[in-house]
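Asks: sequence and predicted model, in that order:
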Amino acid sequence: MKFSTRVCLNLSRRAGPGKARMGTATHITPGAGMAMPPCFNIKNAQITRLNVPQPTPSPVHATNPQATMPPGYKAEVAQLNVFQIPDRVTGTAGDKALGKALVDAWRRDGIIQIAMSNKQRQLWEDAKAASRRFFKKPHAEKAACVDSQSYSGYIASGEEVTDGIADYSEIFTITKDLDMAEPRVRAKWPCHGPCPWPDIEMKEPMTQYNESLGVEGEKLLQLAEFGLGVAPGSLTRYTQDGWHHTRVLRFPPRNATNGKGKEGRGIGSHTDYGLLVISAQDDVGGLFIRRPSQEEKFANWEKSAAGLKEDEDGWVYVPPVAGTHTVILGDMMQYLTRNYLTATPHKVGLNTRERFAFAYFHEPSFQAVLEPLQGGCGGKASQLSSNDTEGVHYGTHFTNMFIRNYPDRITTHRLMAEDRYSLLSRPELRTIGALPTLA
Ligand SMILES: O=C(O)CCC(=O)C(=O)O
Ligand SMILES: [Fe+2]
């Protein structure tokens, strides 16, 4: 069987692996015309004393955040602190206090909000302009952006399925962009291959924005290590050559869909699969999350959490705040911390206007075999399931997710036809493990 690297066919489906839940916000109401984001409340005072830089001023998108909530949804409205992340994390007292504040906020709210630097803000504007340009292209041109070896490329509205229902999101996925001569591509590693960029106008700004988020993701992991009380490197050892990837997203207005999904639903409830999800949204509004809860248990790497509590109460709406990224947690963070930090269930509703967003996934290496952290976590990490003795191979978790999400995509057919899946158990695909003893 022959495969071209680019084809004009895309039948992807997101059948399932988990998504679901949300966080709480903290509590300063931004006033109309306020120049600073609603930042630093109680913890703030403490952070300021420790010389953590203040956030750059950025206006909130809406003077009434509630007003941006998609119609037909009922949820509490989050009012999140905006944390300022330093240019470098070196282990100062300020870094340690900030790490603790971030971990506390994730445990309480399931989500944090961080200020973009001026540079990042420019990169986000450029990436957003490129996204708008791309999604305006004729369908055939977008649909040609598919690759038979990687899961990078275009997914039309209604093609991805979460928990059995089509999502209305239109997506361009960017995984590690590896050319055909790259040894892992030549060795036919699952999911490894080129990104089928439509043009340089898309490639350049997206690549630059993603690289900047990669730096942010590493700093957040370093800070999280302090906050968790584990040895430096306990998390970042897994992200050498991390399998970071991005979903560039467009959501149609609720009254202009193609009828394949469910009225008003953008993406169904799910958790994402790696360490951190750093997101930016425009001023339209659509994201909901669930706060961590003792009552809501899930382990998406074992059993799909897709659809979790989707139509139940308890959701928190995350209104757009200009000049900020939000950061939620993925399955591997939950696994590593044995439920001390839990993956954040979330979902997206359709609004009256089209909405553009980015979700950047800061991930372990494809080759990483993760094992739960030893120590730290305030001594409160819990038992994982009894069959957890071998750790989790991230590359297998990722491949399983994408096969399940896109069973009809050319990439899945080729992976199966060439028996690439069996390579996942080879030692050369499992070269990054946990240190024998940590902390
Ligand atoms: O649109 C958003 O804000 C989030 C998108 C999302 O959850 C995803 O792409 O997995
Ligand atoms: Fe997500």
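Replies: Arrived safely. Numbers count the residues shown, from 1 in each chain. Ligands and ions are numbered 1, 2, ... in the order given.
Asks: show me where this structure dips below the pLDDT cut-off.
Replies: When the per-residue scores of the chain are filtered using pLDDT under 70, the ranges that remain are 1-63, 385-389, 434-439.
Asks: select the longest helix from it.
Replies: The helix of greatest length in the chain, counted in residues with DSSP state H as the criterion, is given as helix 200-228.
Asks: mind giving me the packing neighbours of it?
Replies: Contacts defined by 3 or more CB pairs under 8 Å, 6 or more residues apart in numbering; DSSP states H and E place helix 200-228 against helix 93-109, helix 118-135, strand 170-174, strand 245-251, strand 276-281, strand 324-329, strand 355-362. To be clear about C-beta, it is placed using only N, CA and C from the backbone, and glycine gets the same treatment.
Asks: tell me if that helix is near ligand 1.
Replies: No: interface with ligand 1: helix 200-228 contributes nothing (CB under 6 Å from any ligand atom), its closest point being 14.0 Å away.
Asks: chain center to that helix: distance?
Replies: Going by CA atoms, centre = their mean, to the nearest Å, the spacing between the C-alpha centre of helix 200-228 and its chain's C-alpha centre is 11 Å.
Asks: buried set for it?
Replies: By neighbour count on 16 or more other CB atoms under 10 Å, the buried set for helix 200-228 is 202, 205-207, 209-210, 212-214, 216-228.
Asks: ditto for stretch 237-247
Replies: In terms of neighbour count (16+ other CB under 10 Å), stretch 237-247 has its buried residues at 237, 238, 239, 242, 243, 244, 245, 246, 247.
Asks: test my guess that the second one contacts residue 364.
Replies: Yes: counting by CB atoms under 8 Å, residue 238 touches residue 364, with 4.0 Å between them.
Asks: what's the overlap in contacts for the two?
Replies: Common contacts of residue 238 and residue 364, defined by CB atoms under 8 Å, 6 or more residues apart in numbering, comprise 275, 332, 370, 394, 432.
Asks: among those, which one lies nearest to residue 191?
Replies: Nearest to residue 191, judged by CB to CB, of those is residue 394 at 11.1 Å.
Asks: the closest one and residue 369: what is the separation?
Replies: Note on residue 394: its distance to residue 369, by CB to CB, to the nearest Å, is 8 Å.
Asks: neighbour-wise, which of these two wins?
Replies: The neighbour count for residue 394 versus residue 369, taken as other CB atoms under 10 Å, is higher for residue 394 (28 against 20).
Asks: now do the same contact list for the more buried one.
Replies: Counting by CB under 8 Å, 6+ apart, the residues that residue 394 touches are 238, 243, 274, 332, 363, 364, 365, 366, 367, 368, 369, 370.
Asks: the closest residue to residue 403 other than its chain neighbours in helix, strand or coil?
Replies: The shortest distance from residue 403 to any residue that is not its chain neighbour, by CB to CB, 6 or more residues apart in numbering, is 5.3 Å, and that residue is residue 412. Judged by DSSP: H, G, I helix; E, B strand; the rest coil, the three-state class of residue 412 is helix.
Asks: now residue 412: how far from ligand 1?
Replies: 19 Å (CB to the nearest ligand atom, to the nearest Å).
Asks: burial measure for that residue, as a count.
Replies: Applying other CB under 10 Å, we find 23 other residues in the vicinity of residue 412.
Asks: got a list of what it touches?
Replies: Contacts of residue 412 (CB under 8 Å, 6+ apart): 402, 403, 406.
Asks: for ligand 1, tell me which of the buried residues of stretch 237-247 show up nearby.
Replies: Under the cut-off given by CB under 6 Å from any ligand atom, ligand 1 has residue 247 from the buried residues of stretch 237-247 close to it.
Asks: now, which of the buried residues of stretch 237-247 sits nearest ligand 1?
Replies: For the buried residues of stretch 237-247, the minimum distance to ligand 1 (CB to the nearest ligand atom) is 4.2 Å, reached by residue 247.
Asks: isn't that closest one up against residue 173?
Replies: Yes: the pair residue 247 and residue 173 qualifies as a contact (CB under 8 Å) at a distance of 5.5 Å.
Asks: that older thread, got JSON lines for the helices and strands packed on helix 200-228, with distance to residue 346 too?
Replies: Formatted as JSON lines, the entries for the helices and strands packed on helix 200-228 read as follows, by distance: least, CB to CB, whole Å:
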{"stretch": "helix 93-109", "distance to residue 346": "12"}
{"stretch": "helix 118-135", "distance to residue 346": "20"}
{"stretch": "strand 170-174", "distance to residue 346": "15"}
{"stretch": "strand 245-251", "distance to residue 346": "13"}
{"stretch": "strand 276-281", "distance to residue 346": "8"}
{"stretch": "strand 324-329", "distance to residue 346": "6"}
{"stretch": "strand 355-362", "distance to residue 346": "10"}
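Asks: of all these, which lies closest to residue 263?
Replies: The nearest among those, by CB to CB, is strand 245-251 at 13.4 Å.
Asks: quick one: contacts of the closest one?
Replies: By CB under 8 Å, 6+ apart, the list of residues contacting strand 245-251 from outside reads 127, 131, 134-135, 152, 168-176, 206, 210, 213, 266, 284, 286, 348, 350-351, 354-361, 363.
Asks: now do the helices in this structure.
Replies: Using DSSP H, the helices of the chain run over residues 42-49, 93-109, 118-135, 139-143, 183-186, 200-228, 331-336, 394-405, 410-417.
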